[in-house]
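Visitor: please find the sequence and the predicted model below.
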Amino acid sequence: MAQVELKGVNKSFGNVKVIRDVALQIDDGEFVVFVGPSGCGKSTLLRLIAGLENLTSGEISIADRPVMDLPPSKRGIAMVFQSYALYPHMTVFHNMAFSLDLQGISKAEIHNRVEAAAKILQMEHLLDRRPAALSGGQRQRVAIGRAIVRNPDVFLFDEPLSNLDAALRHDTRVEISKLHNQLGATTIYVTHDQVEAMTLADKIVVLKDGEVMQVGAPMELFNYPANEFVAGFLGSPKMNFFDGVLTGGAGSNTGKFKGEGLTANGVRLVGDGKTEGAAIRLGIRPQHLVIDPDGQLQGTATLVENLGTETVVELVTESDVSFRFASPESLDITRGQTVSFSFDESNAHLF
């Protein structure tokens, strides 16, 4: 079992606390993505699991074995970094074989492992090349192959696609997903890109300021965010928010909202302890707005982005509140045009 468990994990650098009481269980074979804005602690948390940073307090177990006192080489992990960190004077074969050679593994076994990894990554024809003769995507595959040959219990990826262009990022993301399905290994992946998180993960861990905001399946977090931060972070374009007050439903799972010229009833109420008259925010995803001449939400278009697969319109209300509308269709909307919208209250949230 390559289960990873964190209990009460804390990390401080001097007086600065960067990881705060993180408790998390990652099951055998799961693909888990740590996601959050820059500086939220996701890479630090990964480095704590890898043994590249020391815990301030707490426990980390890998395959039911405490690893706090073990060096990285003894933890059963293999890590792929944002920088490929390849040896420029070595061929692809020797880059992949180097760590195995240091372990004293026989040349025949090394050859078999490298050949097997190269076949999985479809790079058999690259084994005699040096890194300088490879593209960015090929170098990243070599770095992944170097991890595969170690047969680890857990794969750790630290923003491995950040140095690639958009098209190559998509292609490599697909390769990593296929690789996980093929190997079935426990994988922990760090990214700031919520698209990567949504498309790759079995389970997403959203972090902010070193704290876990929510853990769950991608669509669970998308449809039922636990707080305003998660709601605003996941989803592109970002969720729209409108300020108002709670006019009914305090103490229940649904509430009534009034504000910014909007009223809504029976909207999912997030969090406890809300009282009537309390300041709250109504959250509506741009994809959940519907053009409706009789709709209560009106805005003047300030920008229209035709992206091919969808059209994104930025608008502003009379009270100068900005919001976005997204549609999979090509729209006949021009800058300066006033548009009215309605929305399904069952898809909205109150924070």
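Guide: Nice, thanks for sending it over.
Visitor: how close does residue 84 get to residue 132?
Guide: 12 Å (C-beta to C-beta, to the nearest Å). Yep, even glycine has a C-beta here, placed from its N, CA and C like the rest.
Visitor: the more surrounded of these two?
Guide: residue 84 (20 against 9; other C-beta atoms under 10 Å).
Visitor: quickly list the domain ranges of the protein.
Guide: 4-232, 237-350 (automatic domain parsing).
Visitor: could you dump the ones you listed into CSV with mean pLDDT added?
Guide: Listed next are these as CSV, based on pLDDT from 0 to 100:
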stretch, mean pLDDT
domain 4-232, 92
domain 237-350, 93
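Visitor: would you mind finding the most buried of these?
Guide: Burial of the domains of the chain is given as mean neighbour count (mean count of other C-beta atoms under 10 Å); domain 4-232 ranks first at a mean of 18.
Visitor: now it: how far from the chain's centre is it?
Guide: 12 Å (C-alpha atoms, centre = their mean, to the nearest Å).
Visitor: tell me where the stretch 51-200 of the chain has strands.
Guide: Using DSSP state E, counting those that start in this stretch, the strands of the stretch 51-200 of the chain run over residues 57-62, 65-66, 77-80, 154-158, 186-191.
Visitor: do me a favour and get the end-to-end distance for stretch 344-351?
Guide: 17 Å (C-alpha to C-alpha, to the nearest Å).
Visitor: use 47 as the first number for this chain going forward.
Guide: With 47 as the first residue, the last one maps to stretch 390-397.
Visitor: which strands and helices sit next to the one helix or strand residue 91 maps to?
Guide: Per DSSP states H and E: residue 91 is located in helix 88-96. Other elements packing on helix 88-96 under the criterion 3 or more C-beta pairs under 8 Å, 6 or more residues apart in numbering; DSSP states H and E are strand 50-59, strand 62-72, strand 77-81, strand 103-108, strand 123-126, strand 200-204, strand 232-237.
Visitor: mind putting those strands into CSV with distance to residue 383?
Guide: Listed next are these as CSV, based on distance: least, C-beta to C-beta, whole Å:
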stretch, distance to residue 383
strand 50-59, 51
strand 62-72, 47
strand 77-81, 36
strand 103-108, 55
strand 123-126, 48
strand 200-204, 45
strand 232-237, 37
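Visitor: which one of those strands lies nearest to residue 305?
Guide: When those are compared by C-beta to C-beta, strand 77-81 sits nearest residue 305, at 30.1 Å.
Visitor: in its sheet, what does that closest one sit against?
Guide: If you go by DSSP bridges, strand 77-81 pairs up with strand 232-237 (parallel), strand 249-254 (parallel).
Visitor: any chance of the ones you listed in CSV, plus distance to residue 135?
Guide: CSV is the format used below for these (distance: least, C-beta to C-beta, whole Å):
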stretch, distance to residue 135
strand 232-237, 29
strand 249-254, 38
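Visitor: for residue 298, find the nearest of the ones you listed.
Guide: When the strands paired with strand 77-81 are compared (using C-beta to C-beta), the closest one is strand 249-254, at 25.7 Å.
Visitor: so the helix holding residue 91 versus strand 50-59, what angle?
Guide: 120 degrees (axes from the mean of the first three to the mean of the last three C-alpha atoms, to 10 degrees).
Visitor: okay, the angle between helix 88-96 and strand 200-204?
Guide: Using the same axes, to 10 degrees: helix 88-96 against strand 200-204 is 150 degrees.
Visitor: which residues are in contact with helix 88-96?
Guide: 50, 52, 55, 57, 64-65, 68, 80-82, 99-101, 106, 108, 118, 121, 123, 125, 200, 202, 204-205, 234, 236-238, 253, 256 (C-beta atoms under 8 Å, 6 or more residues apart in numbering).
Visitor: what residues does the residue nearest to residue 245 when sequence neighbours are not counted make contact with?
Guide: Spatially, and ignoring its direct neighbours in sequence, residue 245 is nearest to residue 219 (6.5 Å; C-beta to C-beta, 6 or more residues apart in numbering). Counting by C-beta under 8 Å, 6+ apart, residue 219 makes contact with 207, 242, 245, 246.
Visitor: may I have the distance across stretch 229-248, first residue to last?
Guide: 15 Å.
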